[in-house]
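>>> need a structure here:
(chains A and B)
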Number of protein chains: 2
Amino acid sequence: MKNPILVPELRDLLKRKRFTILRSFLAEQHEKEIAEYLSLLNPEEIWKILNLVDAYRRSEIFTYMDMDVQVSLVSGPLKKNITELLMQMSHDDRADLFQHLEKDVADKLLLLLPLDERYDIINLTSYSEGTAGAIMTTDFATLVEDDAVEKSIKKIRREAPSRETIYYIYVTDQHEKLIGFVSLRNLILARPKQKISSIMKSEVIYAYVDDDQEKAAQLIEEYDLIALPIVDYNNRLCGIITHDDAIDIIREEQTEDMERLMAISGRVEEKTYLDVPAFVHFKKRVFWVVTLGILSLLTGLIIQGFQDTLESLIILTFYMPMLTATGGNTGSQAATVVLRALALNELNPTDILKVIWKELSISILLALCLGAITYFRVLLMSGNTTIPPILTLQSIATVIGIALTIQVVWSTLFGAVIPIIATRLKLDPAVVSSPALTTFVDMGGIAIYFTTAKIVLGI
Amino acid sequence: MKNPILVPELRDLLKRKRFTILRSFLAEQHEKEIAEYLSLLNPEEIWKILNLVDAYRRSEIFTYMDMDVQVSLVSGPLKKNITELLMQMSHDDRADLFQHLEKDVADKLLLLLPLDERYDIINLTSYSEGTAGAIMTTDFATLVEDDAVEKSIKKIRREAPSRETIYYIYVTDQHEKLIGFVSLRNLILARPKQKISSIMKSEVIYAYVDDDQEKAAQLIEEYDLIALPIVDYNNRLCGIITHDDAIDIIREEQTEDMERLMAISGRVEEKTYLDVPAFVHFKKRVFWVVTLGILSLLTGLIIQGFQDTLESLIILTFYMPMLTATGGNTGSQAATVVLRALALNELNPTDILKVIWKELSISILLALCLGAITYFRVLLMSGNTTIPPILTLQSIATVIGIALTIQVVWSTLFGAVIPIIATRLKLDPAVVSSPALTTFVDMGGIAIYFTTAKIVLGI
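This next block holds a predicted model:
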């Protein structure tokens, strides 16, 4: 955010109608920065300044503003240039704006637009959220395979101002079916008389309108694309998704992955952390916290089952937090690494045996370290604790060391395997979240702990 | 990965020298797919097939192969076309390859190249890992501001085959200083006689060679760029980073963030999960697991301090796992949300009071839910536990309910504030990981629990 000291100056210049100074200020700044300054003014003031720049920059600045500012700018009484602005906007950004408008405002604005643009908005807003169709834009550039390069370049030059990108150009037949692809690079390198059919690539990477947006982003990432064509089931070209949309999708999925790893449910909010009301945050967190809280009462029931062991050997309680915490940590680490490998397609769910083998090796190394440290720690630290005369501190240290070793191996394997099983069964990813794992690992750990004590010490 | 059934066929065609069939197979596939097929053959076979395609496609296919395959292809006895391949590769991919070669192989290959290309490799491999300089490429396109558009287009056409991108073109002065920027879109839209200086934008977004690669990726993301120019401290243009590199950086940082959230230390590995040896996985996990294991022994010491309370009221042990698990969960949720908001620049470290206020509201809602559920749960579930005659089950339920309420509020605030403080103090992000938080929250929770019991029940 820029220094808001400029805002009073902007206001002052507006009031005194010093439009020349304002225009030169606007000419020197990047559209994104202008959008940030303007967002600090009221809608009337913003419109006055927007009307000082040409249509192309106006739509650029407008699009860089936050959605709530955009909505307030078009929701008031109709402004000069509003039709032009809506005509100039990228089709995907425009559809996104209409998704956020009150129904009566949207209807009023639709009537300002020619029929084909109106149809475009209705079409683009009809795809369900999360699909490639819902984020694609329809302002792509196309060519015809029988045209010569010379004629095609003229067509692209003519259309360029209203296209999202002209660097990737698609070749369609008379039924709008996608049959090829030409990059602007190859187009300007070709000889003027060459046919498009002789320079186009017919092996085109594409996605379907119903595909998950994440799949589209992955294709853009894997093939290093500037844009990805989106087709319907008749192979008709419906839109494109550009490289910058792919980054937005990747960021959104990333936030979702982290939230699920921490058992936060629901979709990622469009608003920022501070703008989301406390009650909405609460709703996203409460389900899993309460569910896991209730589940962890079962751990209490397991302890209750070993009440006699516990009463005769209260020292066991002192090492319970270490045992459960360590199990939770090793399990969560393994789950994180495996989840990430699954998300990046480094692992298939069929690799489960390889994963078990890998994690078994890792967990044995971890278990030996931790078991040994704990054994000596108990010997050194618990010298002044009262223990029943029939037992030695050494035997108790052995019990705790062995229990921890088993706990580390089991929790690591459990943490590694559960994400794979969850993926196979297509379960809610939150069930493999770190909190959920920790809860289950706690139960197992307590059972292992007291069972080991019973067997080794015979109490 | 493609169906490996094709591999024997490829081998057979090679052996029978059916090059026409092979060439037509190669012509129909995307370079990335060819790279995947070829990776299943041995280096000799791969070279034979690579030599069937033109220099441009050869370098594309080569670059799509995994790094270890690339290394094995250039490490054997010198092959025909190897110099041409190295000359044709993108400069950033080439520098990356040289980073992975044995020193003697690298030296041998360097001698095959002209002096300027050799210097380019040595220069690009000299930047330290994680900086913009280390991932930029030097094969960018430049123009001169006094040239006419017509002449400039000719220059770009001539240079295009050896440039990483020609969609963003940079204008430099006679000292190679970056003074402006022209997109290919604007270049082909301009009149042939116009000077570059009249169409270039002099407000250029750029980063420095020493900047963190993440900063470069963020600029590309925020400004929706296809490429970002990288300059040295004399403002000389040294390289560019392209949109596809930005996606790679974002993925890498994302993996790092998730690993740190789970207290896995060290840099993100280049190899996949299964390719990383167990001992390397172990090393990345052991430090924090052991550190936190030792710290959680302190929680045991706190319990030991309340040994008398515990011995007279063993029922308190049964609710310990629920109390610590819930504290860990609410603390981790808050930390995740705040860490994410910090990473996306939605929050500044100065917003700490706003965050505390927001999390206080959320945690009170969570605490009331959880406190009430637990209170009734204790009443219903622990009917058959023996408790000292001076106490009622109701008073014990009250203690547990109150302790849980305090624990939820404190752990949520702690989880939310620690990432902000860590950012301010520039601490290792792993100290705010979910496992670390859980360990500290456990200690506080146990102290709250027994103190509440002592005060309310007077034991």
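>>> just want the phi and psi numbers for residue A:262.
phi -110, psi 20 (degrees, to the nearest 10).
>>> disregarding residues adjacent in the polypeptide, which is nearest to it?
Using C-beta to C-beta, 6 or more residues apart in numbering or on different chains and skipping the chain neighbours, the partner closest in space to residue A:262 is residue B:336 (4.1 Å). Yep, even glycine has a C-beta here, placed from its N, CA and C like the rest.
>>> who are the contact partners of the one you found?
Residues in contact with residue B:336 (C-beta atoms under 8 Å, 6 or more residues apart in numbering or on different chains) are A:258, A:259, A:261, A:262, A:264, B:261, B:434.
>>> so which of the residues you listed is the closest to residue B:197?
residue A:258 (46.9 Å; C-beta to C-beta).
>>> local confidence estimate at that closest one?
Among the per-residue scores, residue A:258 holds a pLDDT of 81.
>>> please apply the same query to residue A:40.
87.
>>> ok so, going back, between the contacts of residue B:336, which sits nearest residue B:152?
Of the contacts of residue B:336, the one sitting nearest to residue B:152 (C-beta to C-beta) turns out to be residue A:258, at 45.9 Å.
>>> how about the contacts made by residue A:35?
A:61, A:62, A:63, A:64, A:65.
>>> just send the residues you listed back as TSV, with pLDDT, neighbour count and distance to chain B too.
Below are the contacts of residue A:35 laid out as TSV (pLDDT from 0 to 100; neighbours: other C-beta atoms under 10 Å in any protein chain shown; distance: C-beta to the nearest C-beta, whole Å):
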residue	pLDDT	neighbour count	distance to chain B
A:61	94	25	13
A:62	95	23	14
A:63	94	21	10
A:64	94	22	9
A:65	94	21	14
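>>> mind putting these into TSV with secondary structure?
Formatted as TSV, those follow (DSSP: H, G, I helix; E, B strand; the rest coil):
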residue	secondary structure
A:61	helix
A:62	helix
A:63	helix
A:64	helix
A:65	coil
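>>> out of these, which is nearest to residue A:161?
residue A:63 (15.2 Å).
>>> next one: that closest one from residue A:230, what distance?
20 Å (C-beta to C-beta, to the nearest Å).
>>> and the residue nearest to residue A:208 when sequence neighbours are not counted, what does it touch?
For residue A:208, ignoring the flanking residues on the chain, the nearest one in space by C-beta to C-beta, 6+ apart is residue A:231 at 6.2 Å. Neighbouring residues of residue A:231 by C-beta under 8 Å, 6+ apart: A:178, A:206, A:207, A:208, A:209, A:237, A:238.
>>> list the beta-bridge partners for residue A:231.
For residue A:231, the beta-bridge assignment (DSSP bridges) gives partners residue A:208, residue A:237.
>>> so residue A:153 touches residue B:188, yeah?
Yes: between residue A:153 and residue B:188 there is a contact at 7.3 Å, judged by C-beta atoms under 8 Å.
>>> okay, and the common contacts of the two?
Shared contacts of residue A:153 and residue B:188 (C-beta under 8 Å, 6+ apart): residue A:188.
>>> what stretches of chain A score poorly on pLDDT?
For chain A, the stretches flagged by pLDDT under 70 are A:1-5, A:382-386, A:428-431.
>>> walk me through the domains of it.
Under the assignment automatic domain parsing, the domains of chain A span A:6-126, A:142-256, A:278-457.
>>> any idea how far the last one is from the chain center?
When you say that, I think you mean domain A:278-457. 29 Å (C-alpha atoms, centre = their mean, to the nearest Å).
>>> ok, now the first one?
Relative to the mean C-alpha coordinate of its chain, domain A:6-126 is positioned 28 Å out (C-alpha atoms, centre = their mean).
>>> quote the end-to-end distance of that domain.
Taking C-alpha to C-alpha, to the nearest Å, domain A:6-126 runs 41 Å from one end to the other.
>>> spell out which parts of the stretch 351-459 of chain A neighbour chain B.
Listed as neighbours of chain B in the stretch 351-459 of chain A under the rule C-beta under 8 Å from any C-beta of the partner chain: A:351, A:354-355, A:358, A:361-362, A:365-366, A:369-370, A:373-374, A:377, A:381, A:385, A:434-435, A:438-439, A:442, A:446.
>>> now do the contacts for residue A:209.
Contacts of residue A:209 (C-beta under 8 Å, 6+ apart): A:127, A:131, A:132, A:133, A:136, A:230, A:231, A:232, A:238, A:239.
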